[in-house]
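no sequence for this one, just the structure:
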């Protein structure tokens, strides 16, 4: 079994998003995962009414059963609006609808296939969990406090969160090599 890893190179993230056409279900699925850090089961349960025209929404996490408020990035809101308009989705449709019925979501395995195929196209082994970890890693690299990420991921300790987002000894060594002290 392969272990999921975060995408650390932002150029690879851009490549990943360009694999599928804009306004396609596949591209939105990847963008949604990258911008929210949600588990795939929580992403697939989203209906259009949950997110269209909203700044935030409440989700009950399927794994933990806990309620969570999630803010939507402005770029993601635009992608959702464009996607919903193009596909003429109704409010009670699933955002990531089955090709057979818009009132049913795609299956988890189909979502995993979409994501893995995109990874293959850019030469990276990728899973839905990799996208969740990428969200955390990139947030951390952009200065988000580890305690806040620990809360977002509902981890028991900062050490667990650091391991989860692939902060390795190599990253730690980079701090020693690059720190500027003014002398």
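Thanks, I have it. What you see is a predicted model, and the numbers here were worked out from it, not measured in a lab.

in the protein, which spans are helices?
Ranges of helices in the chain, per DSSP state H, are 10-18, 25-36, 40-44, 48-51, 74-87, 108-122, 128-141, 146-153, 158-164, 169-178.

do you know which of the ones you listed lies nearest residue 65?
Ranking the helices of the chain by their distance to residue 65 (criterion: C-beta to C-beta) puts helix 40-44 first, at 11.5 Å. From N, CA and C alone the C-beta is placed, and that goes for glycine too.

Can you point out the buried residues in that closest one?
By 16 or more other C-beta atoms under 10 Å, the buried positions in helix 40-44 come out as 40, 42-44.

And the contacts of that helix?
Residues from elsewhere that reach helix 40-44 (C-beta atoms under 8 Å, 6 or more residues apart in numbering): 29, 32-33, 36, 59, 61-63, 94, 96, 105-108, 111-112, 128-129.

shaky segments in this structure?
1-2 (pLDDT under 70).

which residue lies farthest from the center of it?
In terms of distance from the mean C-alpha position of the chain, residue 183 ranks first, at 40.4 Å (C-alpha atoms, centre = their mean).

one step back: tell me which of the helices of the chain lies nearest to residue 67.
helix 40-44 (11.6 Å).

from the middle of its chain, how far away would that closest one be?
Distance, stretch centre to chain centre, for helix 40-44: 10 Å (C-alpha atoms, centre = their mean, to the nearest Å).

can I assume residue 125 is in contact with residue 115?
No - between residue 125 and residue 115 there is no contact under C-beta atoms under 8 Å: 10.6 Å.
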